[in-house]
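>>> Here is a sequence with its predicted model. Questions after.
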Amino acid sequence: MWLRTKCDLKFEIAVPTPFILMLRLRSGAQQWVASEKYKLEPSVPVYEFTDSYGNLCQRLIAPPGPFAISTEAAVRTADQVDQAPGAPFVEVEYLPDGVLSYLLPSRYCESERFGQMAAAITADQLLGYDQVKAIETWVRDNIRYEPGTSDTPLSAIEINARCSGVCRDLSHLGIALCRSLSIPARLVVGYLHGLHPMDLHAWFEAYVWGRWYTFDATQPELRGGYVAIGYGRDAADVAIYNQFGPAVYPTYQHIQVQRIEEKDV
């Protein structure tokens, strides 16, 4: 399917403020970016780099006063999310070097604390994809998805105790459970067509059978329409913006995802 994504952010800046943004989409195996727009008001010098996870990041200094960021992209993404019941577990010694960091505990995914819980959730499952599917189902059934209830990321331990959270929180728990079974898992931030209420979204991917597969405990079932912006170990790696100095917060944020025809790209 073809989608048009839009993200508009507005800030009131008190002093010159360094930003690192992560708002440019990147083409890959699951999506093709046919066109994009990126506008800053006022226009300021920008330096773009690729971080250690392959994400496109933009460095800039926002001047005092109103500052607005607007992005738009036309993206072709899969009509259906790939699923692979029975896909086998990949032994650690055969994992690609670039995947190994996604086995380790991270700031919001304390996987070393979830071994027994993960083993109980996945008992009698085939090693690999079926284990991750059981984890996704358990999180969906036991942790309430409550969009818009938290601006501060929660760790897997916190969300497991609280039993409710936003999309990234549920993903943190899923990731920690996967890693405790030596299944690489990573957080993805992006857009989802048909999400309600509409906002930026987060889900997780797990590496089995030689590739990454999508999992999302916030949705009743997997469907097409996912558009990835960034990948990382957890929320600390995939913030759409980081700013330094006196804290600033968006005075306006608007996210839009529309299905379009190919002729309108």
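Perfect, thanks for sending it.

>>> And Arg113, its phi and psi?
Per-residue torsions, Arg113: phi -100, psi 0 (degrees, to the nearest 10).

>>> okay, it: pLDDT?
Per-residue confidence (pLDDT) for Arg113: 98.

>>> Report the contact partners of Thr218.
Each residue near Thr218 by C-beta atoms under 8 Å, 6 or more residues apart in numbering is listed here: 140, 145, 147, 167, 170, 201, 203. Using the backbone N, CA and C atoms, a C-beta is placed for each residue, glycine as well.

>>> From those, list just the buried residues.
140, 145, 167, 170, 201, 203 (16 or more other C-beta atoms under 10 Å).

>>> Next step: those residues restricted to helices.
140, 167, 170 (DSSP state H).

>>> hang on, Ala161 in a strand?
No. With DSSP: H, G, I helix; E, B strand; the rest coil as the criterion, Ala161 is located in helix rather than a strand.

>>> Please report how far it lies from Ser155.
10 Å (C-beta to C-beta, to the nearest Å).

>>> Who has more neighbours out of these two?
Ser155 (20 against 9; other C-beta atoms under 10 Å).

>>> Identify, from the buried ones among the contacts of Thr218, the entry nearest to Tyr102.
Distance to Tyr102, by C-beta to C-beta, is smallest for Trp203 among these, at 14.6 Å.

>>> what does the helix or strand hosting Val132 rub up against?
Here Val132 sits within helix 129-142, counting by DSSP states H and E. Outside helix 129-142, the residues within contact range by C-beta under 8 Å, 6+ apart are 83-89, 118, 121-122, 125, 163, 170, 173-174, 177-178, 181, 183, 185, 206, 208-209, 213, 215-218, 220.

>>> Let's see that with 7 Å instead.
84-87, 118, 121-122, 125, 163, 170, 173-174, 177-178, 181, 183, 206, 208-209, 213, 215, 217 (C-beta atoms under 7 Å, 6 or more residues apart in numbering).

>>> Pull out the buried residues from those.
Here, 16+ other C-beta under 10 Å leaves 87, 118, 121-122, 170, 173-174, 177-178, 181, 183, 206, 208, 213, 215, 217 buried among those.

>>> Okay, and which of these map to strands?
The members of the buried ones among the contacts of helix 129-142 that map onto strands under DSSP state E are 206, 208, 213, 215.

>>> if I look at Pro66, how far off is Tyr252?
Counting by C-beta to C-beta - Pro66 and Tyr252 are separated by 10 Å.

>>> Have a look at those two and say which one is more surrounded.
The neighbour comparison of Pro66 against Tyr252 (other C-beta under 10 Å) goes to Pro66, with 13 against 10.

>>> That one is in contact with Glu12, isn't it?
Yes. Judged on C-beta atoms under 7 Å, Pro66 makes contact with Glu12 at a distance of 6.2 Å.

>>> ranges for the helices of this protein?
115-121, 129-142, 156-162, 167-180.

>>> Go through the second one and flag the buried ones.
Of the residues in helix 129-142, those scored as buried under the neighbour-count criterion (16+ other C-beta under 10 Å) are 129-136, 138-140.

>>> and what of the third one?
Residues of helix 156-162 classed as buried: 156-160 (neighbour count, 16+ other C-beta under 10 Å).
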